[in-house]
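> the following comprises the amino acid sequence and a computationally predicted model.
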Amino acid sequence: MLIKCAECGKDISSNAAVCPNCGNPVKTEDELVKEGLKGGFKLLLIGILVFLVLAAIFILLSTQNII
């Protein structure tokens, strides 16, 4: 199967370790999945942090009868 090189955009084999045109390393599906999971995990942690901060603010304001 042919894929596009992320660097030069040429068609290369999905089995290639590097692009024969520019020498850019080709990432395997496993590497791409791991990167996606890392990004998703970071986003999840940020979402939880934002939720906790907003919940803390709401609790503090509601105990002071401001809301």
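Received the coordinates, thanks.

> which of the helices or strands spans the most centrally placed residue in the chain?
When CA atoms, centre = their mean is applied to the chain, the residue found nearest the centroid is residue 39 (2.5 Å). Element membership of residue 39 [criterion: DSSP states H and E] is helix 29-63.

> which other helices and strands contact that helix?
Contacts defined by 3 or more CB pairs under 8 Å, 6 or more residues apart in numbering; DSSP states H and E place helix 29-63 against no helix or strand at all. (C-beta placed from N, C-alpha, C; glycine too.)

> do you know how far residue 56 is from residue 62?
11 Å (CB to CB, to the nearest Å).

> likewise for residue 20?
From residue 20 to residue 62 the distance is 63 Å (CB to CB).

> just residue 15 next, same as before
For residue 15, the distance to residue 62 equals 60 Å [CB to CB].

> and for residue 47?
Distance, residue 47 to residue 62, using CB to CB: 22 Å.

> can you check residue 17 too?
To residue 62, residue 17 is 58 Å away according to CB to CB.

> repeat for residue 22
Distance, residue 22 to residue 62, using CB to CB: 59 Å.

> counting neighbours, go ahead and name the busier of those two.
Using other CB atoms under 10 Å as the criterion, residue 22 and residue 62 rank with residue 22 on top: 13 against 10.
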